[in-house]
Structure formats: structure tokens, C-alpha cells
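Undergrad: Got a predicted structure plus its sequence, pasted below:
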Amino acid sequence: MASKIDKVIDRLERLNQDVNEIKAKGIGLLPLPPLVKGGLRAVSPGFDGALSELYFDGVRAVADVVLPANVAQEIINNPNVLMDSQGAISQIPARPLLATVSKPRKVTKKMRMQRKIQSTAFKNANAKGRKQNGEFKKGFDQSRIARLAQKECTKERQRLGLCEKPKKKGTRKGQVRKTARRAFEK
């Protein structure tokens, strides 16, 4: 399999051959004596072909010494091979493959219901806090809209019985209820 650099060299060699053919045809247009033109036509194709072949064989040899095609293919396709800024090639230890494809999480009925409630709550909160062109109304920002939506979501979940209403706080430790204080004062 030829590498990209080999393909480029092949294209350049074909281009050089085309130039040599045009040059051979152009010899007839030169203002030279007929004997000189005949000699140039006889010598030019062989000389140009030999010179081109020698040049492109040298270029291919240098390209193969710099980075052989099979080594380049291995380096490019191997994720464990790195090249530093100076051009030194090093191998890194292979990492164990992790499970890249994880099984999707099962969505329960309760989760679907919660998502639906939250979706409608955010729609309502956005409608309340935004103008027709999508900008925020005065005093609203994304955090306020999110708080409104969460509050609405909680109330809806409580209404549907998905969560319980928080218990009302009684008296704190060290405090006395007002009714008890009144009864004591009498």
C-alpha cells in the first residue's frame, strides 16, 4: 500500500514526463541547423528519462528513510504510539478498555411523571418571567425562573401525592409556645 508521499511523488513524476514530451516537441521550433536538431532529438529523451528516473528514485529513497510507509501506517493507526516535539517516537502502555457503551438507565413511571411535572413547571415559569421576544421581564433572571419552577414542581408533586408536605415546625428547643406562655402568666 502506497503512502500519501508516494502518491505525491508519482504525480510529480508523471508531470515531469509530460514536461519532457513537450520539450522534445519544442526542439523542432528552435532556430538550429538540421543536424543539431536531429542530434538533440536523439539524445534528449534518453538523457531526460535517465535524469528523471535517477532524481525520483533518490527522492523515494529519502522519503522511505525518513519514515517508511509501513511504519508510518502503524504509527498513525496505533493510539499507544506518541511523537514528541523533537520527533522522537515513544510507546505508551496500553490502557484497559472501559465499557464505552453503557446500558441506558431504566426510566421508571415515577421518573417519567417527575420529568413531565418539571417540564410543565419550567414552561409556566418561563411564560411568567419572559417577554414575547424572549427577554427577561424586569426583576427576573434565570435563577428566579428556576426557583419559581421548582416551587411549582414541589406543589404539584404534593398535590399528586408523590411527596409529602413538609411538617410545620413547632417550637424550637429552648422556646416556649405562646399559648403555653399565656397560660402560665395567668
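TA: Good, I have the coordinates.

Undergrad: Excluding chain neighbours, what is closest to residue 120?
TA: residue 156 (7.9 Å; Cβ to Cβ, 6 or more residues apart in numbering). C-beta here means a position set from N, CA and C on the backbone, and glycine is covered the same way.

Undergrad: Touching, residue 12 and residue 56? I think so.
TA: Yes - contact criterion Cβ atoms under 8 Å: residue 12 and residue 56 qualify, at 7.4 Å.

Undergrad: Quick one: distance of the strand or helix carrying the residue nearest to residue 120 to the chain centre.
TA: Secondary structure from DSSP states H and E places residue 156 in helix 142-160. Centre-to-centre, helix 142-160 and its host chain are 36 Å apart (Cα atoms, centre = their mean, to the nearest Å).

Undergrad: List the buried residues in that helix.
TA: 145, 148, 149, 152, 153, 154, 156, 157 (16 or more other Cβ atoms under 10 Å).

Undergrad: Contact partners for the fifth one?
TA: Same thing as residue 153. Residues in contact with residue 153, defined by Cβ atoms under 8 Å, 6 or more residues apart in numbering, are 117, 118, 121.

Undergrad: With adjacent residues omitted, what lies nearest to the first one?
TA: This points to residue 117. Nearest non-adjacent residue to residue 117, counting by Cβ to Cβ, 6+ apart: residue 156, 5.0 Å away.
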